[in-house]
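# Using only what follows, build the 3D model:
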Amino acid sequence: MPVLILRRGDDVAVRSDRCPHMAGPLHQGTPSGTDGDICVTCPWHGSVFRLSDGAVVHGPATASLPGFETRTEDGRLEVRVVAVPGLPVE
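Numbers count the residues shown, from 1 in each chain. Next comes the predicted model:
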């Protein structure tokens, strides 16, 4: 499953790399700052998501961007990937 990783200092956020609107590749999107938060704009239809919590800042998407549990173990980032309804596991 493709993921998008955001690291700010010691904080790490891992989100689905696919827009919930039409599965656009968010790693090809445009990052931006909004009120101190980092957002990404989907390159296909312009939906904007706040990466810290996955919330939709601007549609057409109506569903939040799924996130995943993470931990750092021996300097490696580990991500718990579970099935997310509507997203294919590759």
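
# Provide a list of residues in contact with H58.
Contacts were defined as Cβ atoms under 8 Å, 6 or more residues apart in numbering; by that measure H58 touches 46-48. (Each C-beta comes from the backbone N, C-alpha and C, glycine too.)

# Hmm, S16 and H27 touching each other?
No. Under the criterion of Cβ atoms under 8 Å, H27 lies out of contact with S16, with a separation of 10.7 Å.

# Which of the two has more residues huddled nearby?
Applying other Cβ atoms under 10 Å to H27 and S16 shows that S16 carries more neighbours, namely 23 against 13.

# Could you give the bridge partners of the more buried one?
The residues listed as beta-bridge partners of S16 by DSSP bridges are V3.

# Output the contacting helices and strands for the lowest-mean-pLDDT helix or strand in the chain.
The helix or strand of the chain with the poorest confidence is strand 30-34; it has a mean of 82 (mean pLDDT, DSSP states H and E). Based on contacts counted as 3 or more Cβ pairs under 8 Å, 6 or more residues apart in numbering; DSSP states H and E, the elements that strand 30-34 packs against are strand 37-41, strand 48-50.
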